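1. please find the sequence and the predicted model below.
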Amino acid sequence: MNINFTLNKKSVTIDVDPMKRLLDILREDFRLLGTKESCGEGECGACTVLLDGKPVTSCLVNAVHIDGKEVMTSEGIAKEPIGKLLIDCFDETNAVQCGFCFPGFLVTSYHYVKTDGEKNLNKIKKALSGNICRCTGYQKIFESVMLACERKPLMNANER
Amino acid sequence: MKSIRKIDAIPKLNGSWKFLDDYSYEGMIHGQLLYSTCHHGFIRKVTFPEGYDLSEFTMVYAEDILGENIVPEPVCDQPYMADKEVFHFGQVIMGIAHPNRKLLREFISNTSIEYKELPAITDIKECLENEDNVFGRKLTIDHRTGKKPDPNWVHHHKIYYTPHQEQAYLEPQGMIAIWQPKDKIMFVRANCQCPFFVKEGVEAIMGNKIKEAVIETSEGIGGAFGGKEDFPSLLAGITSLLSYKSGKPVKIVLDRSDDIQITTKRHPARIEINSWTDPETKKIMKINIDYRLDTGAYQTLSPVVLARGVLHAISGYSIPSAFIRGRLFRSNTPSNGAFRGFGAPQGFAAMEAHIDKIAVDLKMNPYEFRKINIFKIGDEFPTTQPIIENNLSDCLERVIEKSDYLNKLKEFKEWNKSHKDKKGIGISIGYHGGGYTGNGEKILNSEVKVVIEKDAIVKIYVSNTDMGQGAHTTLAQMFFEAIDHPLEKCRVQLPNTSKTPNSGPTVASRTIYIIGNLLRKFALKIKDEFGFENLENFVTSNQNKFPHEFRMKFVQDPSVVFDDENYVGVAYKDYSWAACVTEIYFHADTYQIELTKSCSVMDIGKVVNQKIATGQAEGGILQGLAYGLCEFFYKPGYGRMHGFTDYALPTTMDIPEIDVEFIHTDSLIAKGLGEIPMDFPAPSIRNAFYNATGVFIDEYPLVPERILRNLNVNKHC
């Protein structure tokens, strides 16, 4: 069936099996390889994308669910001002280890910093609880998101 | 100590860094493994589902193997694919490939195999309790004085159990093989820790049909923790066979459920300790440790895990008379293998709990008791290796001080009197010998290569991979810091077995300790030979000398002399040391342990990159804590776990505040860091729970169900 949706701010149309997973659509049909498959059952968050602005695990979303909606992947977020801010904070703290989970963390952190942004460790922990990282012990991820929250008010108003 | 930024962080964040599944090649088809669902039996018949055109599939069986059907390992006893008989669940029977990945998955999940079932051992305790299951290598460290225990000495006898642990690297195992018939080369793009192991694995299965296997890693290796040490050899072998037979590039990426069910895990252990303590001096005078590992169906690298296990089993205590016996036990489960810590965490799990048990029985606080018995200069390991530093004791003293242990011990005791919930605080210590055990590094004979280009770019060639630990940033840093060369002019190349010399596998906390220190020496040697102050200026004014290739080999310190037969001598030249204090809050209504704070002090020698080292330590500590708290892979009556839904990994909501401090950082040597954070933290949780409730639990993990069971047993007593 034909599905129309917005992908990283561009309108796209695709003829696809309605049950095809969004994760596979992104990786196979659009070659957007930043979205990773790790557990394939919605537990780890490595394949997180924004669907109409909210974080979802794209391994559990089918083509039929995205018709007429907006999808934003880590590649799209990396170009946004808050995405850039977060990337710089993750880089500065040396938070990234193997990096396989990080595009997912970037998406979820972006959602938190964009929609809430309070420099509050407990809130950040809760916001990131759907993303699993096996390398870092999470400490440097928290530190990075806290740093991004601290720096967000310094950005231009239209970029926040 | 400079915290330079990682060279690969930005591309990993914006999604452009390529992991195995991000590579594709023209004409590439997809492969999967068909494996046994029977624990032990004869394969009677394989039935494929109807409605598929079988000519579209490429299939390989054991009989298609062109070389030998044995995976190269420290002990070569595991076949790539089962022939007639399967010895464990998850044993590979076939490799199957097809152009359509989805269709291939459907085809495999609808394929059925009939077996004639035979008796099997699948339960951990059934395996480890029965001495009939002993097989393979046995090790003994005999440091007995021959004296009988004094009748006044206090005897403690306990048996401790530790479970499997899954590495749970976020990127599942994967391989791409590309047969190049013109040159008779099998090129393999590998998601692995040890490219040269994979090379051996491919060459063994292909026999003389190929001239050479060339292995290059993917840019990104999404975590490994030991799990990508030996299984990749098997996977690469079968992927190569599929590529040879189909004539096409073949990619196999395991589904998470396949990966978790059939790849290697940390060995479950049963550790029995008999100890005798002098109640006057509070010194442990004699100890016997029986250290058993559930190996799975084949030995593979378990004897090496056993070696490290027995060498760390006594923990950090000087005991005049010690006898340690290590044995492997066979079961009908997939072979267990390498996992960060490599046999050491099991030993610390037992011994660090045992120490608290003795301390409490002697009415001492666990710190005071440790202080009396801990390694000091002049003591020796049971192998007779002398203790030449008090750094373990320094770690303990520092962590006691900074965690405010003694005050909290009193404070919690008081608080617990009037509360149903309980607070507890526990100590644990640990250490890890850097590099291969005993003569291993001598045998490995690691070599590194450096090319200095005409524009003063320094290219470093090593076979050690960066699977997230930041090795390539840190290795480059060690080289350029030694000669004060700009970071942007120094790069570690992607490991490729035809371009990089064999600097050994990325295991055993050896990358920075062996290869990094070698590179530092190498940089100074090059500087000395050319006699330059500034490399860039020297290259500019001596263009005719460049590009120039240099090679250097690792030379083991002559003090490392180890008797591999009798386990006597210097097993490791340098040890990293650590001590930890963890605080818990026990919820009496839900039987849950909440970790509130974990404080660790470590001596890893010189810290090359503070932020990278701290990140490594924090990650390892969380894996260690989770080993004691929540992770288990097998449950009687349920079987093995299937994915991240039933295998409980810690999330952001499950973790305590983690505090890490490095001491003795003025050392010239950067010691091993990879594994030690995994070794020592878990016992501190059990000891904190013992402190909080007075209930001693002899088994990991401390999940609510186990706590409930133990509390009930204690009530009835």
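-> Good, I have the coordinates.
2. wait, what's in contact with the residue of chain A found nearest chain B?
-> Minimum separation of chain A from chain B (C-beta to the nearest C-beta) falls at A:G34, amounting to 2.1 Å. Any C-beta I mention is one placed from the backbone N, CA and C, and that applies to glycine too. A:G34 sits next to A:73-75, A:78, A:103, B:14-16 when contact means C-beta atoms under 8 Å, 6 or more residues apart in numbering or on different chains.
3. CSV please, covering the residues you listed and showing neighbour count, pLDDT and secondary structure.
-> Shown next, in CSV, are the contacts of A:G34 (neighbours: other C-beta atoms under 10 Å in any protein chain shown; pLDDT from 0 to 100; DSSP: H, G, I helix; E, B strand; the rest coil):
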residue, neighbour count, pLDDT, secondary structure
A:T73, 26, 98, coil
A:S74, 29, 97, helix
A:E75, 22, 97, helix
A:A78, 22, 97, coil
A:P103, 28, 96, helix
B:N14, 20, 87, coil
B:G15, 24, 88, coil
B:S16, 14, 91, coil
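4. okay if I get these as a markdown table plus distance to B:H155?
-> Putting these into a markdown table (distance: C-beta to C-beta, whole Å) gives the following:
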| residue | distance to B:H155 |
| --- | --- |
| A:T73 | 63 |
| A:S74 | 60 |
| A:E75 | 65 |
| A:A78 | 63 |
| A:P103 | 57 |
| B:N14 | 62 |
| B:G15 | 60 |
| B:S16 | 62 |
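5. out of the residues you listed, which one sits closest to B:I93?
-> Using C-beta to C-beta, the shortest approach to B:I93 within the contacts of A:G34 belongs to A:P103, at 35.5 Å.
6. how about that closest one, nearest residue that isn't a chain neighbour?
-> The shortest distance from A:P103 to any non-neighbouring residue, by C-beta to C-beta, 6 or more residues apart in numbering or on different chains, is to A:S74 (3.5 Å).
7. so the one you found touches B:W17, yeah?
-> No: in this structure A:S74 lies outside contact range of B:W17 using C-beta atoms under 8 Å: 11.5 Å.
8. burial measure for the residue lying closest to A:E43 once chain neighbours are set aside, as a count.
-> Nearest residue to A:E43 in three dimensions, chain neighbours excluded: B:F644, at 3.9 Å (C-beta to C-beta, 6+ apart). For B:F644, the neighbour count with other C-beta atoms under 10 Å in any protein chain shown is 24.
9. check A:F90 too.
-> 28.
10. surely A:E41 is in a strand?
-> No: counting by DSSP: H, G, I helix; E, B strand; the rest coil, A:E41 is located in no strand; its state is coil.
11. and the pLDDT at it?
-> Here the pLDDT value assigned to A:E41 is 97.
12. what residue in chain B is the furthest from its centre?
-> Distance from the C-alpha centroid of chain B peaks at B:S541, with 47.1 Å (C-alpha atoms, centre = their mean).
13. give me the pLDDT value at that residue.
-> For B:S541, the predicted pLDDT is 96.
14. that one and B:V458: what is the separation?
-> 17 Å (C-beta to C-beta, to the nearest Å).
15. and for B:D230?
-> 32 Å.
16. likewise B:G337?
-> Taken as C-beta to C-beta, the span from B:G337 to B:V458 is 35 Å.
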